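Asker: Sharing a model prediction with you, sequence too.
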Amino acid sequence: MSLLNQTYSPIEIIIQDDLSTDNTLEIIHDYQERYPGIIHLFQNSRRLGYNQNFLSAYQKANGYYIASADQDDIWETNKIEILIREIGDSTLIFHNSVLFNQKNPNMGLLHKKDWGEHPHPLSVLVNPKAYGHQILFRREVLPLIHQFETYNVSYDSLVYTLCSSMGDVKYINQVLVHWRLPVCSKTQAPLRADRQTRISCMVIILHYVLCTTTRSVKSAASIFVCINEFNLNLNRTAR
(Lines give C-alpha, C1' and ligand atoms only; values in the text may rest on other atoms or scores of the structure.)
Protein backbone atom coordinates (compact mmCIF):
# COMPACT_ATOMS: atom_id res chain seq x y z
CA MET A 1 0.00 0.00 0.00
CA SER A 2 2.91 2.38 0.61
CA LEU A 3 3.61 2.38 -3.13
CA LEU A 4 0.01 3.19 -3.98
CA ASN A 5 -0.16 6.02 -1.43
CA GLN A 6 2.69 8.06 -2.90
CA THR A 7 2.20 11.83 -2.90
CA TYR A 8 3.79 12.03 -6.37
CA SER A 9 1.59 11.34 -9.38
CA PRO A 10 1.14 9.94 -11.92
CA ILE A 11 2.89 6.68 -11.20
CA GLU A 12 2.70 3.20 -12.66
CA ILE A 13 3.55 -0.01 -10.84
CA ILE A 14 5.18 -2.77 -12.90
CA ILE A 15 4.86 -6.28 -11.45
CA GLN A 16 6.63 -9.11 -13.27
CA ASP A 17 5.68 -12.51 -11.94
CA ASP A 18 8.50 -15.05 -12.14
CA LEU A 19 6.31 -18.17 -12.25
CA SER A 20 5.07 -17.92 -8.68
CA THR A 21 3.32 -21.00 -7.28
CA ASP A 22 1.29 -19.40 -4.48
CA ASN A 23 -1.68 -16.99 -4.63
CA THR A 24 0.42 -14.02 -5.80
CA LEU A 25 -1.44 -13.61 -9.09
CA GLU A 26 -4.82 -13.68 -7.36
CA ILE A 27 -3.72 -10.88 -5.04
CA ILE A 28 -2.35 -8.81 -7.94
CA HIS A 29 -5.53 -9.19 -9.97
CA ASP A 30 -7.51 -7.96 -6.98
CA TYR A 31 -5.35 -4.85 -6.72
CA GLN A 32 -5.61 -4.26 -10.46
CA GLU A 33 -9.39 -4.10 -10.13
CA ARG A 34 -9.13 -1.69 -7.22
CA TYR A 35 -6.53 0.54 -8.91
CA PRO A 36 -7.23 0.38 -12.66
CA GLY A 37 -4.59 1.81 -14.96
CA ILE A 38 -1.88 1.92 -12.29
CA ILE A 39 -0.78 -1.69 -11.82
CA HIS A 40 0.58 -3.51 -14.88
CA LEU A 41 1.17 -7.25 -14.57
CA PHE A 42 3.57 -9.26 -16.72
CA GLN A 43 4.09 -13.01 -16.43
CA ASN A 44 7.30 -14.73 -17.47
CA SER A 45 7.11 -17.75 -19.75
CA ARG A 46 10.22 -19.17 -18.06
CA ARG A 47 11.82 -18.56 -14.70
CA LEU A 48 14.38 -15.76 -14.87
CA GLY A 49 15.55 -15.60 -11.28
CA TYR A 50 15.72 -12.61 -8.96
CA ASN A 51 18.27 -10.42 -10.75
CA GLN A 52 17.26 -11.06 -14.34
CA ASN A 53 13.61 -10.54 -13.45
CA PHE A 54 14.34 -7.03 -12.18
CA LEU A 55 16.48 -6.15 -15.21
CA SER A 56 13.77 -7.40 -17.55
CA ALA A 57 10.97 -5.63 -15.68
CA TYR A 58 12.79 -2.29 -15.96
CA GLN A 59 12.31 -2.46 -19.73
CA LYS A 60 8.51 -2.50 -19.29
CA ALA A 61 8.46 0.90 -17.54
CA ASN A 62 7.01 3.89 -19.39
CA GLY A 63 8.02 6.66 -17.01
CA TYR A 64 11.07 8.92 -17.20
CA TYR A 65 12.13 7.94 -13.67
CA ILE A 66 12.31 4.32 -12.53
CA ALA A 67 12.51 2.98 -8.96
CA SER A 68 12.77 -0.57 -7.56
CA ALA A 69 10.82 -2.17 -4.73
CA ASP A 70 10.98 -5.50 -2.94
CA GLN A 71 7.72 -7.17 -2.02
CA ASP A 72 7.97 -6.33 1.68
CA ASP A 73 9.41 -2.80 1.61
CA ILE A 74 7.53 -0.04 3.42
CA TRP A 75 7.98 3.28 1.63
CA GLU A 76 7.53 6.72 3.09
CA THR A 77 4.57 8.21 1.23
CA ASN A 78 6.69 11.08 -0.12
CA LYS A 79 9.65 8.92 -1.22
CA ILE A 80 9.21 9.39 -4.98
CA GLU A 81 8.35 13.06 -4.61
CA ILE A 82 11.57 13.72 -2.64
CA LEU A 83 13.83 11.71 -4.95
CA ILE A 84 12.53 13.40 -8.10
CA ARG A 85 12.85 16.80 -6.47
CA GLU A 86 16.43 16.11 -5.35
CA ILE A 87 17.87 14.20 -8.31
CA GLY A 88 18.76 17.35 -10.28
CA ASP A 89 21.03 16.49 -13.21
CA SER A 90 22.20 13.20 -11.68
CA THR A 91 21.60 9.90 -13.45
CA LEU A 92 20.71 8.05 -10.24
CA ILE A 93 19.78 9.03 -6.69
CA PHE A 94 19.56 6.83 -3.60
CA HIS A 95 18.71 7.28 0.08
CA ASN A 96 19.12 5.80 3.54
CA SER A 97 16.84 3.14 5.05
CA VAL A 98 15.80 1.71 8.41
CA LEU A 99 16.12 -2.04 8.89
CA PHE A 100 13.44 -4.08 10.69
CA ASN A 101 12.00 -7.56 11.08
CA GLN A 102 9.06 -9.18 12.84
CA LYS A 103 10.82 -9.16 16.20
CA ASN A 104 12.44 -5.74 16.01
CA PRO A 105 10.67 -2.77 14.38
CA ASN A 106 13.86 -0.68 14.37
CA MET A 107 17.22 -2.38 13.84
CA GLY A 108 19.00 0.84 13.00
CA LEU A 109 20.10 2.58 9.83
CA LEU A 110 21.33 0.70 6.79
CA HIS A 111 24.01 3.37 6.26
CA LYS A 112 25.69 4.14 9.56
CA LYS A 113 27.56 7.11 8.16
CA ASP A 114 26.81 9.81 5.62
CA TRP A 115 28.42 8.80 2.32
CA GLY A 116 28.42 12.37 1.04
CA GLU A 117 26.20 13.88 -1.60
CA HIS A 118 28.16 12.43 -4.54
CA PRO A 119 29.83 9.06 -3.78
CA HIS A 120 32.72 8.09 -6.04
CA PRO A 121 31.61 5.57 -8.73
CA LEU A 122 34.42 3.16 -7.86
CA SER A 123 32.86 2.71 -4.42
CA VAL A 124 30.51 0.09 -5.86
CA LEU A 125 33.46 -2.32 -5.92
CA VAL A 126 34.96 -1.46 -2.54
CA ASN A 127 31.74 -1.21 -0.54
CA PRO A 128 28.38 -1.46 -2.33
CA LYS A 129 26.10 1.25 -0.99
CA ALA A 130 22.97 1.44 -3.14
CA TYR A 131 20.60 -1.51 -2.88
CA GLY A 132 17.63 -2.02 -5.16
CA HIS A 133 14.99 -0.64 -2.83
CA GLN A 134 16.92 2.65 -2.49
CA ILE A 135 17.53 3.66 -6.10
CA LEU A 136 15.73 5.87 -8.58
CA PHE A 137 17.29 6.42 -12.00
CA ARG A 138 16.59 7.99 -15.40
CA ARG A 139 15.23 5.90 -18.24
CA GLU A 140 18.10 6.77 -20.61
CA VAL A 141 20.07 4.08 -18.79
CA LEU A 142 17.65 1.40 -20.08
CA PRO A 143 19.50 0.73 -23.38
CA LEU A 144 22.61 -0.21 -21.42
CA ILE A 145 20.63 -2.31 -18.95
CA HIS A 146 19.01 -4.12 -21.88
CA GLN A 147 22.44 -5.16 -23.13
CA PHE A 148 22.95 -7.08 -19.90
CA GLU A 149 19.65 -8.56 -18.82
CA THR A 150 21.48 -11.90 -18.57
CA TYR A 151 24.63 -10.43 -17.02
CA ASN A 152 25.90 -12.37 -13.99
CA VAL A 153 25.84 -9.63 -11.36
CA SER A 154 23.41 -8.26 -8.79
CA TYR A 155 20.90 -6.07 -10.59
CA ASP A 156 21.31 -3.13 -8.22
CA SER A 157 25.12 -3.14 -8.45
CA LEU A 158 24.82 -3.24 -12.23
CA VAL A 159 22.38 -0.33 -12.40
CA TYR A 160 24.43 1.71 -9.91
CA THR A 161 27.59 1.26 -11.94
CA LEU A 162 25.98 1.89 -15.31
CA CYS A 163 24.50 5.12 -13.98
CA SER A 164 27.91 6.07 -12.58
CA SER A 165 29.49 5.58 -16.00
CA MET A 166 26.88 7.76 -17.72
CA GLY A 167 26.70 10.63 -15.26
CA ASP A 168 26.60 11.71 -11.65
CA VAL A 169 25.23 9.62 -8.76
CA LYS A 170 23.66 11.44 -5.82
CA TYR A 171 22.95 10.34 -2.23
CA ILE A 172 20.61 11.89 0.32
CA ASN A 173 21.02 10.82 3.94
CA GLN A 174 17.29 10.62 4.58
CA VAL A 175 15.27 7.54 5.57
CA LEU A 176 12.66 6.87 2.89
CA VAL A 177 12.15 3.10 3.24
CA HIS A 178 11.76 0.57 6.04
CA TRP A 179 13.56 -2.49 4.72
CA ARG A 180 12.61 -5.88 6.13
CA LEU A 181 15.34 -8.38 7.03
CA PRO A 182 14.78 -12.07 7.81
CA VAL A 183 14.35 -12.83 11.51
CA CYS A 184 17.30 -15.24 11.32
CA SER A 185 19.64 -12.48 10.15
CA LYS A 186 22.46 -11.99 12.65
CA THR A 187 23.70 -8.73 11.20
CA GLN A 188 22.11 -5.36 10.67
CA ALA A 189 23.41 -5.06 7.12
CA PRO A 190 23.10 -7.26 4.05
CA LEU A 191 25.98 -9.58 3.31
CA ARG A 192 28.66 -8.25 1.03
CA ALA A 193 28.66 -9.49 -2.55
CA ASP A 194 30.15 -12.95 -3.05
CA ARG A 195 33.26 -13.65 -5.11
CA GLN A 196 31.28 -14.13 -8.32
CA THR A 197 29.61 -10.75 -7.95
CA ARG A 198 32.91 -9.06 -7.10
CA ILE A 199 34.51 -10.43 -10.26
CA SER A 200 31.62 -9.13 -12.33
CA CYS A 201 31.77 -5.74 -10.59
CA MET A 202 35.47 -5.50 -11.41
CA VAL A 203 34.63 -5.96 -15.07
CA ILE A 204 31.97 -3.24 -14.88
CA ILE A 205 34.48 -0.94 -13.19
CA LEU A 206 36.80 -1.52 -16.15
CA HIS A 207 33.98 -0.26 -18.33
CA TYR A 208 33.78 2.87 -16.19
CA VAL A 209 37.50 3.57 -16.57
CA LEU A 210 37.29 3.16 -20.34
CA CYS A 211 34.10 5.16 -20.83
CA THR A 212 34.35 7.94 -18.28
CA THR A 213 35.72 10.45 -20.81
CA THR A 214 33.05 9.86 -23.44
CA ARG A 215 29.79 9.48 -21.47
CA SER A 216 28.41 7.93 -24.68
CA VAL A 217 25.72 5.27 -24.55
CA LYS A 218 26.84 3.93 -27.93
CA SER A 219 30.50 3.58 -26.95
CA ALA A 220 29.56 2.26 -23.51
CA ALA A 221 27.38 -0.45 -25.03
CA SER A 222 30.14 -1.46 -27.47
CA ILE A 223 32.68 -1.78 -24.68
CA PHE A 224 30.23 -3.77 -22.57
CA VAL A 225 29.79 -6.31 -25.37
CA CYS A 226 33.56 -6.91 -25.40
CA ILE A 227 33.84 -6.91 -21.63
CA ASN A 228 31.01 -9.42 -21.28
CA GLU A 229 33.11 -12.00 -23.13
CA PHE A 230 36.05 -11.19 -20.86
CA ASN A 231 33.79 -11.61 -17.82
CA LEU A 232 32.68 -15.06 -18.96
CA ASN A 233 36.33 -16.17 -19.11
CA LEU A 234 36.94 -14.77 -15.61
CA ASN A 235 33.93 -16.63 -14.27
CA ARG A 236 35.11 -19.92 -15.76
CA THR A 237 38.49 -19.40 -14.09
CA ALA A 238 36.85 -18.67 -10.72
CA ARG A 239 34.93 -21.94 -10.65
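Answerer: Cool, got the structure.

Asker: what stretches of the protein score poorly on pLDDT?
Answerer: 121-128, 151-152, 182-239 (pLDDT under 70).

Asker: what about the strands in it?
Answerer: Applying DSSP state E to the chain gives strands spanning 13-17, 39-43, 65-67, 74-75, 92-100, 136-138, 169-180.

Asker: Quick check: can you name the pairing partners of the second one and their directions?
Answerer: In the sheet, strand 39-43 lines up against strand 13-17 (parallel) (DSSP bridges).

Asker: List of residues touching the partner strand?
Answerer: Residues from elsewhere that reach strand 13-17 (Cβ atoms under 8 Å, 6 or more residues apart in numbering): 3-4, 24-25, 28, 38-44, 53, 56-57, 60-61. (Each C-beta comes from the backbone N, C-alpha and C, glycine too.)

Asker: repeat that with 6 Å
Answerer: Here strand 13-17 makes contact (Cβ atoms under 6 Å, 6 or more residues apart in numbering) with Leu3, Ile28, Ile38, Ile39, His40, Leu41, Phe42, Gln43, Asn53, Ala57, Lys60, Ala61.

Asker: cool, and stretch 23-41?
Answerer: Contacts of stretch 23-41 (Cβ under 6 Å, 6+ apart): Ile13, Ile14, Ile15.

Asker: ok, those residues vs Leu144, which is closest?
Answerer: Using Cβ to Cβ, Ile14 comes nearest to Leu144 of the contacts of stretch 23-41, at 18.7 Å.

Asker: Name whatever forms a beta bridge with the closest one.
Answerer: Ile14 forms beta bridges with His40, as assigned by DSSP bridges.

Asker: Could you check how far it is from Lys60?
Answerer: Taking Cβ to Cβ, to the nearest Å as the measure, Ile14 falls 5 Å from Lys60.

Asker: Comparing these two, which residue is more hemmed in?
Answerer: Ile14 (18 against 13; other Cβ atoms under 10 Å).

Asker: Quick one: residues contacting His118.
Answerer: By Cβ under 6 Å, 6+ apart, His118 has no neighbours at all.

Asker: cutoff 7 Å now
Answerer: Shown in contact with His118 (Cβ atoms under 7 Å, 6 or more residues apart in numbering): Asp168, Val169, Lys170.

Asker: Output the contacts of stretch 23-41 as CSV; include the columns distance to Leu158.
Answerer: Listed next are the contacts of stretch 23-41 as CSV, based on distance: Cβ to Cβ, whole Å:
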residue, distance to Leu158
Ile13, 22
Ile14, 18
Ile15, 21
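
Asker: any idea which of these is closest to Gly132?
Answerer: The nearest member of those to Gly132, counting by Cβ to Cβ, is Ile14 at 13.6 Å.

Asker: Check the gap between the closest one and Thr91 for me.
Answerer: Separation of Ile14 from Thr91 (Cβ to Cβ): 20 Å.

Asker: do the same with Tyr58
Answerer: In terms of Cβ to Cβ, Tyr58 sits 14 Å off from Thr91.
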